[in-house]
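Pasted the sequence and its predicted model underneath.
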Amino acid sequence: MPHAITRKLGLVLMLAMLGVGLAACEEEQGPAEEAGENIDETMEETGEEVEEMGEEVEESAEDN
């Protein structure tokens with residue numbers, strides 16, 4: 001059950017980051033936009049890491 005929750009959380013985070021990233025698209029980026037983009041990238045990476053951790057936990061539980 002924890003894996004399902006973790007996977008859903010990761011998916012929600014990635015979709016939210018994608019939505020924010022698409023909403024912030026402009027040709028000229030100022031410092032705030034660049035900072036927001038960096039935050040989006042960090043959140044996406046974090047979401048992927050959370051999903052990977054969930055998969056590792058699931059695999060570990062299956063092995064036991």
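Sure thing, it's come through.

from here on, contacts and neighbour counts on C-alpha atoms
Fine.

Output the below-cut-off pLDDT ranges for this structure.
For the chain, the stretches flagged by pLDDT under 70 are 1-2, 21-27, 64.

Mind doing that once more with 80?
1-5, 15-29, 63-64 (pLDDT under 80).

mind listing the helices in it by residue range?
For the chain, applying DSSP state H gives helices covering 2-23, 31-63.

Please tabulate those in TSV, including the columns mean neighbour count.
Formatted as TSV, those follow (neighbours: other CA atoms under 10 Å):
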stretch	mean neighbour count
helix 2-23	15
helix 31-63	14
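
measure the residue most central in space within the chain to residue 4 for me?
Centroid check for the chain by CA atoms, centre = their mean gives residue 47 as the closest residue, at 2.7 Å. Per CA to CA, to the nearest Å, residue 47 is found 14 Å from residue 4.

Over to residue 32?
Distance from residue 32 to residue 4, by CA to CA: 35 Å.

Residue 17 too?
20 Å.

Residue 37 now?
Residue 37 sits 28 Å away from residue 4, going by CA to CA.

so how far is stretch 29-47 from its chain's centroid?
Relative to its chain's centre, stretch 29-47 lies at 12 Å (CA atoms, centre = their mean, to the nearest Å).

got a list of contacts for that stretch?
Here stretch 29-47 makes contact (CA atoms under 8 Å, 6 or more residues apart in numbering) with 9, 10, 11, 13, 14, 17, 18, 20, 21, 24.

residue contacts, the fifth one?
What it means is residue 14. Counted by CA under 8 Å, 6+ apart, residue 14 has contacts 43, 44, 47.
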